[in-house]
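Enquirer: Sequence and predicted structure below; questions after.
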Amino acid sequence: QQQVKQSPQSLIVQKGGISIINCAYENTAFDYFPWYQQFPGKGPALLIAIRPDVSEKKEGRFTISFNKSAKQFSLHIMDSQPGDSATYFCAASMGSGTYKYIFGTGTRLKVLA
Amino acid sequence: DAGITQSPRYKITETGRQVTLMCHQTWSHSYMFWYRQDLGHGLRLIYYSAAADITDKGEVPDGYVVSRSKTENFPLTLESATRSQTSVYFCASSESDNQPQHFGDGTRLSIL
């Protein structure tokens, strides 16, 4: 119940295309869902996050779609660029007092020029 | 520069040795975390701390020890290193619970 399942494991997209990464969870107590971007040799960096009171959040080319009933959330990268090539992690955490993140296993994205 | 700094960046040691990974943050964040990153497992929480002198176990604490005598430092010690502890270790901090965690650039640890 504590798992966050992420797919696909790897993704290749043409420049200008849409990259879509999906995550699913079981624990309905999760109430914060961040996405992290990680470049080789660097730590994960927060990209965008959502709480379950909204179904979508957009920041520039990055959009999180959230489906509470299906217990799924996804990251969409519009107009994907070679500079977006990185590993992406979804995560989930519960409310106050339980600030532990449960991470997905990561998606390695490669955007072809 | 403000931020979170891990040292060393790379470490090679032998089984049975004690090794300490350092983490220092300049934000005065209350919460600090240690994760290990392994292929196919993503990031798994080892230990976390809500404040100085308050620590608790995460998902994979066995073989690790932490301390937090000062808010800004959160060292992780492997008391007797094993090959299974070869990994990339990340430290993170956050201002308060359920707030974004900010990560350091990691320590790549190899145990021979």
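Expert: All right, it came through fine. Numbering: from 1, shown residues only, chains lettered A, B, ... in the order given.
Enquirer: quick one: A:Gly83 is in a helix?
Expert: Yes. Under DSSP: H, G, I helix; E, B strand; the rest coil, A:Gly83 sits within a helix.
Enquirer: Next, count neighbours for it.
Expert: 8 (other C-beta atoms under 10 Å in any protein chain shown). (Each C-beta comes from the backbone N, C-alpha and C, glycine too.)
Enquirer: Considering helices and strands only, name the one in chain A with the lowest mean pLDDT.
Expert: Every helix and strand of chain A was ranked by mean pLDDT, DSSP states H and E. The lowest is strand A:102-103, at a mean of 90.
Enquirer: near chain B, anything from whichever helix or strand comes after that one?
Expert: Next along the chain after strand A:102-103, taking DSSP states H and E as the criterion, comes strand A:107-112. No. Residues of strand A:107-112 are not located near chain B by C-beta under 8 Å from any C-beta of the partner chain, the shortest gap being 10.1 Å.
Enquirer: follow-up on the earlier one: what residues does the least confident helix or strand of chain A touch?
Expert: A:2-4, A:25, A:30, A:36, A:89-93, B:35, B:42-44 (C-beta atoms under 8 Å, 6 or more residues apart in numbering or on different chains).
Enquirer: Point out the least confident member of the residues you listed, please.
Expert: The member of those with the lowest pLDDT is A:Gln2, at 70.
Enquirer: hang on, the earlier thing: of the contacts of strand A:102-103, buried ones?
Expert: A:4, A:25, A:30, A:36, A:89-93, B:35, B:42-44 (16 or more other C-beta atoms under 10 Å in any protein chain shown).
Enquirer: Kindly reformat the residues you listed as a markdown table and extend each row with secondary structure and distance to A:Gly43.
Expert: What follows is those, written out as a markdown table (DSSP: H, G, I helix; E, B strand; the rest coil; distance: C-beta to C-beta, whole Å):
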| residue | secondary structure | distance to A:Gly43 |
| --- | --- | --- |
| A:Val4 | strand | 19 |
| A:Tyr25 | strand | 23 |
| A:Phe30 | coil | 23 |
| A:Tyr36 | strand | 9 |
| A:Phe89 | strand | 11 |
| A:Cys90 | strand | 16 |
| A:Ala91 | strand | 14 |
| A:Ala92 | strand | 19 |
| A:Ser93 | strand | 18 |
| B:Tyr35 | strand | 9 |
| B:Gly42 | strand | 14 |
| B:Leu43 | strand | 10 |
| B:Arg44 | strand | 15 |
